[in-house]
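**Q** requesting a structural model of the entry that follows:
(chains A and B)
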Amino acid sequence: MANKTIIPFGPQHPVLPEPIHLDLVVEDEKVVEAIPSIGLIHRGLEKLVEIKDYQEMTYVAERICGICSFIHGMTYCHAIETVMNVNVPPRAQYLRIIWSELSRLHSHLLWLGLMADSLGFESLFMYSWKIREKILDIIEETTGGRVIFGSAKIGGVRHDISNQKLQEILKRLADVEAELKPIAKVFTDDYSVKHRLVGVGVLSKDEAYALAAVGPMARASGVTQDMRKLGYSAYNEINFEPIIESSGDSYARTVVRVRELYSSFDIIRQAIAKMPEGAIDVKVTGNPNGEFMARTEQPRGEVVYYVKANGNKFLERLRVRTPTFANIPALVKTLQGCDLADVPVLVLTIDPCISCTER
Amino acid sequence: MNTNSNSNINYKDQEIQPINAGELLNYAQMFKNDNYRLIHIGAAKIADKFELTYAFDKDYKYRGIKITLPLDDTSTSTTPELKSISDFFWCAFLYENEIAELFGIKFHGIKIDYKGSFYRTAHKTPFNNPMASRKVDIIRTPKK
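**A** Take a look at the predicted model:
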């Protein structure tokens, strides 16, 4: 039996834009155990409810993450609105869907680029991010921001998108989709990409469910779980099905994200086609009293916002459970038995967002 | 037309059942046997007690249980304690380590116990105390 060696992976590593640490117990070149360590940059943002009122916390929620900032803000608003029985106008609900799906598009394109980069496929990385820029341009034109949208608001949204602009977005998305197709084909069909991903880090359906994996990580293992099916915003009026793959390996996780890009294009088209006229917000007065756990689907999976209020303008508790936090046990499982050289790819396949996790 | 295949799901339906701390493992086993998924474990410090909420999901149906624990009794140095459910839901070790370090609640039998090194915080059990940063308190104090 080979000697066991512990190799530290992270917190600084070329494949990690943010710090996470893994103690990898290896025998020769095989990882036999991985012990995760987070908390290197824990910000304690949840604690800010003691000094920022429930309206101000919308801005804090949006700043938890620089990739899915809008969905963080929207989920927080969704939680407060449910506690306060606020009826958000239909147009605002549809606008939320459009910005949520634009967030998913740019997040998945970002991830695909990072994955290509981790494989050493630099031209694929650059093409992915080139396409992503066009999504960011649409976001900037409709919200004024590329990272922090500033659009989520308790009672609706802060910005409207004119019907003329919506039609323009349709045309531009068609161009983006056409440009994406040859790139997507490389991710799904190229020999060298498949060579690095197929059969690597297999997570079975039972394991994914038992370990409470979420998002593409769970769906790539065959778990039919997509929080958009809860019907928040106006998702209950949109026709879509969760994207499911069954092989549970790194390739399946890549394919799920590629297919979700096309799903998001379709959802945006439906939302624009069904966009109702009317107000984009309602005035919200009073203070929340009660508790609710809002669940929405971020690009990385289910995010949870638990709020508890007692009629004061300061919440008693805000708790955010991010998808990366939920996917750490599944990551640990996939690392067991893998080759040491595959560790960077496997860490990337959960699409780790440490700034979310270190809220 | 509502084409959502889960249109019978209402996200507002959230059943949270208060239970005693001694019943926790029985409930955890019941949820495990019924093939529920652990969504999260959250703690909150409410006035003179801790509230711990365990949330589970099966086919988008939410079920929660809530446990109330007394605050740390400084006169007797008693630390609030609970049993870990990581025997049933292995992934619970993350939530339990987090709560242990942020709130100071002790969990027995965690599958991976970080023993205080899960988070690097400047203050011990920061969520069990009022805003730890004096600087922030000076800037603004909540109105009662």
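
**Q** low-confidence stretches in the chain?
**A** Chain wasn't specified; assuming chain A. Along chain A, segments meeting pLDDT under 70 span A:1.

**Q** let's do chain B instead
**A** Within chain B, the stretches falling below the threshold (pLDDT under 70) are B:1-8, B:72-78, B:130-144.

**Q** centroid residue for chain B?
**A** Centrality entry for chain B: nearest residue to the mean C-alpha point is residue B:42, 2.7 Å, by CA atoms, centre = their mean.

**Q** so who does that residue touch?
**A** Counting by CB atoms under 8 Å, 6 or more residues apart in numbering or on different chains, residue B:42 makes contact with A:306, A:317, A:319, A:321, B:52-53, B:55, B:95, B:99. To be clear about C-beta, it is placed using only N, CA and C from the backbone, and glycine gets the same treatment.

**Q** ok, which stretches of the stretch 101-250 of chain A are helices?
**A** Taking DSSP state H, counting those that start in this stretch as the test, the helices found in the stretch 101-250 of chain A are A:122-143, A:163-189, A:191-197, A:205-210, A:216-219, A:250-273.

**Q** one more: chain B?
**A** B:24-33, B:92-103, B:134-139 (DSSP state H).

**Q** which of the ones you listed is buried the deepest?
**A** Most buried of the helices of chain B by mean neighbour count (mean count of other CB atoms under 10 Å in any protein chain shown) is helix B:92-103; its value is a mean of 24.

**Q** close to chain A, is it?
**A** Yes: contact of helix B:92-103 with chain A (CB under 8 Å from any CB of the partner chain) involves B:93-94, B:101.

**Q** what's the angle from that helix to helix B:24-33?
**A** Interaxial angle, helix B:92-103 versus helix B:24-33 (axes from the mean of the first three to the mean of the last three CA atoms, to 10 degrees): 140 degrees.

**Q** from the chain's centre, how far out does helix B:92-103 sit?
**A** In terms of CA atoms, centre = their mean, to the nearest Å, the centre of helix B:92-103 is found 8 Å from the chain centre.

**Q** same question, stretch A:296-316
**A** Relative to the mean C-alpha coordinate of its chain, stretch A:296-316 is positioned 16 Å out (CA atoms, centre = their mean).

**Q** and for stretch B:100-110?
**A** Relative to its parent chain, stretch B:100-110 has a centroid offset of 10 Å by CA atoms, centre = their mean.

**Q** can you tell me what sits against that stretch?
**A** Counting by CB under 8 Å, 6+ apart, A:39, B:43, B:45, B:50, B:52, B:69, B:72, B:79-84, B:86-87, B:92-93, B:96-97, B:99, B:113-114, B:116, B:118-119, B:121, B:124-128 sit against stretch B:100-110.

**Q** distance between the ends of that stretch?
**A** 11 Å (CA to CA, to the nearest Å).

**Q** got it, and stretch A:147-160?
**A** Using CA to CA, one end of stretch A:147-160 lies 18 Å from the other.

**Q** out of the contacts of residue B:42, which sit inside strands?
**A** The strands in this structure, assigned by DSSP state E, contain A:306, A:317, A:319, A:321, B:52-53, B:55 from the contacts of residue B:42.

**Q** of these, closest to residue A:268?
**A** Ranked by distance to residue A:268 (CB to CB), the ones in strands among the contacts of residue B:42 are led by residue A:321 at 27.1 Å.

**Q** show me what the closest one is bridged to.
**A** Taking DSSP bridges as the rule, residue A:321 bridges to residue A:304.

**Q** show me the contacts for it.
**A** Each residue near residue A:321 by CB under 8 Å, 6+ apart is listed here: A:303-304, A:306, B:39-40, B:42.

**Q** and if you look at residue B:98?
**A** By CB under 8 Å, 6+ apart, the residues touching residue B:98 are B:118-119.

**Q** any idea how far it is from residue B:116?
**A** 12 Å (CB to CB, to the nearest Å).

**Q** how about the strands in chain A?
**A** Per DSSP E, chain A carries strands over the ranges A:4-9, A:21-27, A:30-37, A:152-153, A:156-157, A:289-298, A:301-310, A:317-321.

**Q** tell me the angle of the last one relative to strand A:289-298?
**A** For strand A:317-321 against strand A:289-298, the angle by the same axes, to 10 degrees is 20 degrees.

**Q** about what we covered before: who wins for most neighbours among the contacts of residue A:321?
**A** Per-residue neighbour counts (other CB atoms under 10 Å in any protein chain shown) across the contacts of residue A:321 peak at residue A:303, which has 30 neighbours.

**Q** roughly how far apart are that residue and chain B?
**A** Per CB to the nearest CB, to the nearest Å, residue A:303 is found 10 Å from chain B.

**Q** quick check: that residue touching residue A:320?
**A** Yes: if you go by CB atoms under 8 Å, residue A:303 and residue A:320 touch, sitting 7.2 Å apart.

**Q** report the central residue of chain A.
**A** Note on chain A: the residue nearest the mean C-alpha position is residue A:299, at 2.5 Å, using CA atoms, centre = their mean.

**Q** returning to that earlier point: export the contacts of residue B:42 to CSV and tack on distance to residue A:189?
**A** What follows is the contacts of residue B:42, written out as CSV (distance: CB to CB, whole Å):
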residue, distance to residue A:189
A:306, 42
A:317, 48
A:319, 43
A:321, 36
B:52, 49
B:53, 46
B:55, 40
B:95, 40
B:99, 46
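
**Q** of the residues you listed, which is the nearest to residue A:245?
**A** Among those, residue A:321 lies closest to residue A:245 (CB to CB), at 24.6 Å.

**Q** I'd like to know how far that closest one sits from residue A:345.
**A** To residue A:345, residue A:321 is 26 Å away according to CB to CB.

**Q** residues near the closest residue to residue A:353 other than its chain neighbours, how many?
**A** Closest residue in space to residue A:353, ignoring its immediate chain neighbours: residue A:324 at 4.9 Å, by CB to CB, 6 or more residues apart in numbering or on different chains. Neighbours of residue A:324 under the rule other CB under 10 Å: 28.

**Q** residue A:324 contacts residue A:348, correct?
**A** No: using CB under 8 Å, residue A:324 makes no contact with residue A:348, being 11.8 Å away.

**Q** residues from the stretch 201-350 of chain A in reach of chain B?
**A** Within the stretch 201-350 of chain A, the positions adjacent to chain B are A:209-212, A:227, A:229-232, A:235-239, A:241, A:291-295, A:302, A:304, A:306, A:308, A:314, A:316-317, A:319, A:321, A:325-326, A:328-329 by CB under 8 Å from any CB.

**Q** buried ones only from those, please, as a PyMOL command.
**A** Selection command for PyMOL covering only the buried members of those, criterion 16 or more other CB atoms under 10 Å in any protein chain shown:
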select buried, chain A and resi 209+210+211+212+227+229+230+231+232+235+236+237+238+291+292+293+294+295+302+304+306+308+314+316+317+319+321+325+326+328+329
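
**Q** now do the buried residues in stretch A:191-211.
**A** A:193, A:196-197, A:200-203, A:205, A:207-211.

**Q** ok, those vs chain B, which is closest?
**A** Nearest to chain B among the buried residues of stretch A:191-211, counting by CB to the nearest CB, is residue A:211 at 5.3 Å.

**Q** distance check, that closest one against residue B:109.
**A** Taking CB to CB as the measure, residue A:211 falls 19 Å from residue B:109.
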